[in-house]
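*Asks:* Below: sequence and its predicted model.
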Amino acid sequence: MRCVEDAARIGFRTRQTLAALEELASSSPNPPIGLVLGSGFEDRPKLVVALARRFRLLGNDAATIARAKAPAALRALLDRHAIAYPLTRMSAPTDPTGWITKRIGGSGGTHIMAATDDRQRSVRRYYQQRLDGIPHSLLAIATEGAADIVGMSRQWPIGHQPNPYRYGGAVGPVELPPAIAAAMRAAAEALSAELKLSGLVSFDFLVVGDQPYLLEINPRPGATLDIFDDASGTLFKAHLAACNGTPHSIPRIAGARASAILYADRGALSIETDDWPDWVADRPMRNSRVPRHRPIATVLASASTPDAAFRDCRERLEELGDMLYGQPRNKERNDNAEVHRPRPERISARRQAR
């Protein structure tokens, strides 16, 4: 493993990212078969081009990513296929009340803010009318103009000021009314074909009443890979197979799973342990420091139903937070600073997500 320094704060930079990948490649006993991009690259097309010159991309290239993330072009495509989406525009509305603004290619929800926010002035931003609904995501494997549906999940934000739409977690698979599910599947299939997407792709929707509104396309493996993959990595292998144009299979998960992000909302955190519960993923290294409000780790839970998995996941978030902030150095720092334990503004299903 290699850590790209400061990437969590300012994003991936070409020189540092390539250097980390070159170190990994040179230290491996076998040459790399390719590079799979996760989140954090959609707003950096030049970096994706640079990476593709050195490594084979197993997923969508820079041009495809740009087409999937271009608001104006995507709006025209959605209109052509009669796919519902929130009212979207490239320039700020005269009255910003009831509107949000997003950074083109942004991920994780921290880039979303109210259109009235003074921080939002940028040519790399666009505007959407805010709707009140339940965020859902459809995960698919796109190949040769088709979309093989993996499953649907329900998502939620864990907001805090100044980032009320920050991604919190997801639970799935979930069942939706047949008409809503059919509309989401049809949209995923049409867009996968039109954009010539490849591999794992997620389509984010906001379900308002009986109408799903497409919010955005994430043309790469995302957070719900934790929910829908099995212990053998069958789904990730399916992504590789689809990118190689070979047959793939999709795992079928019994029951439900949830994953959620624990953030350092109680204060900056020093990692003083190597002893993690087995339901924690993306574990930071011992002696590392996590700044306030940054992600610490991913918490996983499974149960017989989505609601039960969601509840267990929330309980584990609290348990892990208590464990980490109860360690001597963190407890002393927070006590001396008189840091009180904040609660997220809400862990709620009803919000326009990332």
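*Replies:* Nice, I can see it.
*Asks:* Can you give me the end-to-end span of stretch 170-181?
*Replies:* The first and last residues of stretch 170-181 sit 17 Å apart, counting by C-alpha to C-alpha, to the nearest Å.
*Asks:* which residue packs closest to Gly145, ignoring adjacent ones?
*Replies:* Excluding its sequence neighbours, the residue lying closest to Gly145 (C-beta to C-beta, 6 or more residues apart in numbering) is Ala193, at 4.2 Å. Glycine gets a C-beta too; all of them are placed from N, C-alpha and C.
*Asks:* ok but the one you found is inside a helix, no?
*Replies:* Yes - checked against DSSP: H, G, I helix; E, B strand; the rest coil, Ala193 lies within a helix.
*Asks:* Could you report the neighbour count for it?
*Replies:* If you count neighbours by other C-beta atoms under 10 Å, Ala193 ends up with 15.
*Asks:* What lies in contact with stretch 282-299?
*Replies:* Stretch 282-299 has contacts (C-beta atoms under 8 Å, 6 or more residues apart in numbering) with 3, 8-9, 160, 163, 169, 226, 259-265, 267-274, 276, 279-281, 313, 316-317, 320, 324.
*Asks:* Show me how to select, in ChimeraX, the buried members of the residues you listed.
*Replies:* To isolate the buried members of these in ChimeraX, using 16 or more other C-beta atoms under 10 Å:
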select :160,163,169,226,259,260,261,262,263,264,265,267,268,269,270,271,279,280,313,316,317,320,324
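*Asks:* Give me the subset of the contacts of stretch 282-299 that lies in strands.
*Replies:* Among the contacts of stretch 282-299, the ones falling in strands (DSSP state E) are Gly169, Ser259, Ala260, Ile261, Leu262, Tyr263, Leu269, Ser270, Val280, Ala281.
*Asks:* and Met184, what is it in contact with?
*Replies:* His136, Leu138, Met152, Leu176, Phe203, Phe205, Pro212.
*Asks:* next one: phi and psi at it?
*Replies:* Per-residue torsions, Met184: phi -70, psi -40 (degrees, to the nearest 10).
*Asks:* Next: Pro251.
*Replies:* Dihedral angles for Pro251 - degrees, to the nearest 10 - are phi -70, psi 150.
*Asks:* do Ala256 as well
*Replies:* phi -140, psi 160.
*Asks:* Distance check, it against Arg294.
*Replies:* 28 Å (C-beta to C-beta, to the nearest Å).
*Asks:* So for these two, which residue has more residues nearby?
*Replies:* Ala256 (23 against 17).
*Asks:* So what sits opposite the more buried one in the bridge?
*Replies:* For Ala256, the beta-bridge partners are Ala303 (DSSP bridges).
*Asks:* what's near enough to touch it?
*Replies:* Contacts of Ala256 by C-beta under 8 Å, 6+ apart are Val171, Gly172, Pro173, Val174, Ser302, Ala303, Ser304, Thr305, Pro306, Ala308, Ala309.
*Asks:* Then Leu18?
*Replies:* Applying C-beta under 8 Å, 6+ apart, the residues contacting Leu18 are Ala50, Leu51, Arg54.
*Asks:* which one among those residues gets closest to Asp148?
*Replies:* The nearest member of the contacts of Leu18 to Asp148, counting by C-beta to C-beta, is Leu51 at 26.1 Å.
*Asks:* hang on, the earlier thing: same list as before, the contacts of Leu18 that is, but in JSON lines and with neighbour count and pLDDT included.
*Replies:* Output for the contacts of Leu18, formatted as JSON lines (neighbours: other C-beta atoms under 10 Å; pLDDT from 0 to 100):
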{"residue": "Ala50", "neighbour count": "16", "pLDDT": "93"}
{"residue": "Leu51", "neighbour count": "22", "pLDDT": "94"}
{"residue": "Arg54", "neighbour count": "12", "pLDDT": "94"}
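*Asks:* In helices, which of those fall?
*Replies:* Ala50, Leu51, Arg54 (DSSP state H).
*Asks:* Next one: the second one relative to Trp279, how far apart?
*Replies:* If I follow you right, that is Leu51. Applying C-beta to C-beta to Leu51 and Trp279 gives a distance of 32 Å.
*Asks:* burial count for the residue found closest to Gly106 once you drop the neighbours it is linked to in the chain?
*Replies:* Using C-beta to C-beta, 6+ apart and skipping residues adjacent in sequence, the residue nearest Gly106 is Asp43, 6.0 Å away. Neighbour count of Asp43, defined by other C-beta under 10 Å: 17.
*Asks:* Same question for Pro86.
*Replies:* Every residue meeting other C-beta under 10 Å relative to Pro86 is counted, giving 18.
*Asks:* Tell me who's in contact with Lys268.
*Replies:* In this structure residue 268 is Ala, not Lys. Ala268 neighbours (C-beta under 8 Å, 6+ apart): Arg289, Val290, Pro291, Arg292, Arg333.
*Asks:* What is the helix or strand containing Ala63 packed up against?
*Replies:* Assigned by DSSP states H and E, Ala63 belongs to helix 62-69. Packing contacts for helix 62-69, counted by 3 or more C-beta pairs under 8 Å, 6 or more residues apart in numbering; DSSP states H and E, involve helix 45-54, helix 71-80, helix 178-195, strand 211-218.
*Asks:* any residues touching that helix, and which ones?
*Replies:* 41-43, 45-46, 48-49, 52, 60, 73-74, 104-105, 191, 195-198, 216-217, 219-220.
*Asks:* Next, format the contacts of Met184 as JSON lines and append neighbour count, secondary structure and distance to Met113.
*Replies:* JSON lines is the format used below for the contacts of Met184 (neighbours: other C-beta atoms under 10 Å; DSSP: H, G, I helix; E, B strand; the rest coil; distance: C-beta to C-beta, whole Å):
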{"residue": "His136", "neighbour count": "25", "secondary structure": "strand", "distance to Met113": "22"}
{"residue": "Leu138", "neighbour count": "25", "secondary structure": "strand", "distance to Met113": "25"}
{"residue": "Met152", "neighbour count": "23", "secondary structure": "strand", "distance to Met113": "27"}
{"residue": "Leu176", "neighbour count": "19", "secondary structure": "coil", "distance to Met113": "29"}
{"residue": "Phe203", "neighbour count": "28", "secondary structure": "strand", "distance to Met113": "23"}
{"residue": "Phe205", "neighbour count": "29", "secondary structure": "strand", "distance to Met113": "21"}
{"residue": "Pro212", "neighbour count": "26", "secondary structure": "strand", "distance to Met113": "24"}
